[in-house]
Each structure stands twice: as structure tokens, then as C-alpha cells.
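Colleague: Here's a sequence, model it:
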Amino acid sequence: MDSIISDFKQLSAKAINFLREDLKSIRTGKSNPAILENLIVDTYAGQSKLKLLELATIMTEGPSALSVTPFDPATISDIEKALLRSSLGLSVLVQANRLIIKIPPLSQEQREKLVKLVNQKNEEKRNIVRNYRDDSRKKIKQLSESKEITEDEKYKLEKEIDSETQKQMNELQKIRENKEKEILEI
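Modeller: Predicted coordinates for the structure are as follows:
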């Protein structure tokens, strides 16, 4: 019985952590190395597709710029191409063995699109948590119908699942609000 609740908590926590990681890649008005970490770079004459994080060190260079220093200087042009092809709208400047990425300010229209994207991703995770809740409630119902638990235990477990679901939904709401605030901040 407790495994139903612990399974629900684990699955919900995974969904929430996935959302946190996913939202890091959404650009805000400030420079943040996380927006570049998962950028896929075609390198070594097309033999490898690697994440930028695996090819270089990414650091902030003030409020509106990032510095990318490749571990292998031979990959600098591949990284530059990947950055220019990305949908992030960044300008790239090659400086010796590193790249300086200027992050232009977001227009109001871009901010609104990003907020919609955050809401969409958040709603997807809310639906996943609801599905986990429904699955848990079905398991509880099956246990009750097969007389493995009493009616009182069934209601207690359902109440616990609902309470945990509410906590998860509140956490998702908080994550969404924080990211929106970050995006809308000028």
C-alpha cells in the first residue's frame, strides 16, 4: 500500500525535475549557460553529434553575453555553425580560441511566445502528474475490490494521493510562475 504512494511520489518528482531541466533551455533576458548546454553540434567532419556541454566550457560574460571555450580548438568552427543555426537568435564572435555569444534583448512578442511555451510545457507535466494520480487510484480501487484493504484504508490512501497530488501541482505552479517572471523581467 505504501508502495503505491512512494511510486506516485517518485514518478511525480521525476516529471517535475524533467520540467526544471527543460525550462533551463528556454532563453530569458539574462545570459545563462544552461540555454546552450544541450545544443547539438555536428563535429569532427560529421562523425560525431555531441552536446555543446561535452565539447566546451560555457561561462557568463556579464549580463548579456556568454563565453564558450572548446576543449579541442579544432571544433570552434563547428560550434560556431551550430550556434548560428540554432533558433536562439544569438550573435557569435570568434576571439582566438573561444567564442563570445551576445544575447540580444527579447522583444515583447518573443517574451509572450516564451511564456506560452513555458505554460504548454508546464501543462504537459501537470497532465502527467494527473495520470500518475489516476493510475494510483486505480491500484487502490483494485486492492479494495479484491478485499486486500478495508474501505477505511482505501479512503485514507486516496486522501493521501490527493494531498500529494496537490503538493506536486503547487510545485509545478511555483516553477511556472518563477520562469514567467524571469522571462518577463526586463
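Colleague: among the helices and strands of this structure, which has the poorest mean pLDDT?
Modeller: Ranked by mean pLDDT, DSSP states H and E, the weakest helix or strand in the chain is helix 34-37, scoring a mean of 84.
Colleague: What lies in contact with that helix?
Modeller: Residues from elsewhere that reach helix 34-37, judged by CB atoms under 8 Å, 6 or more residues apart in numbering: 24-27, 51-53, 58, 66, 68, 83, 88, 101. Yep, even glycine has a C-beta here, placed from its N, CA and C like the rest.
Colleague: mind checking the backbone torsions on Ala56?
Modeller: Summarising the backbone geometry of Ala56 under the convention degrees, to the nearest 10, its torsions are phi -160, psi 170.
Colleague: count of residues packed around it?
Modeller: Summarising burial for Ala56: neighbours were counted as other CB atoms under 10 Å, giving 23.
Colleague: try Ser86
Modeller: Neighbour count for Ser86, taken as other CB under 10 Å: 16.
Colleague: Where does Thr110 sit: helix, strand or coil?
Modeller: Small correction: residue 110 is Gln, not Thr. Here Gln110 is recorded as helix under DSSP: H, G, I helix; E, B strand; the rest coil.
Colleague: ok, it to Ile149 distance?
Modeller: Plainly put, Gln110 is 52 Å away from Ile149 if you go by CB to CB, to the nearest Å.
Colleague: For these two, work out which one has more neighbours and name it.
Modeller: It is Ile149, of Gln110 and Ile149, that has more neighbours when counted by other CB under 10 Å, with 18 against 15.
Colleague: Helix, strand, or coil at that one?
Modeller: Remark: Ile149 carries the secondary structure label coil [criterion: three-state DSSP].
Colleague: so it touches Leu143, yeah?
Modeller: Yes: taking contact to mean CB atoms under 8 Å, the distance of 4.7 Å between Ile149 and Leu143 places them in contact.
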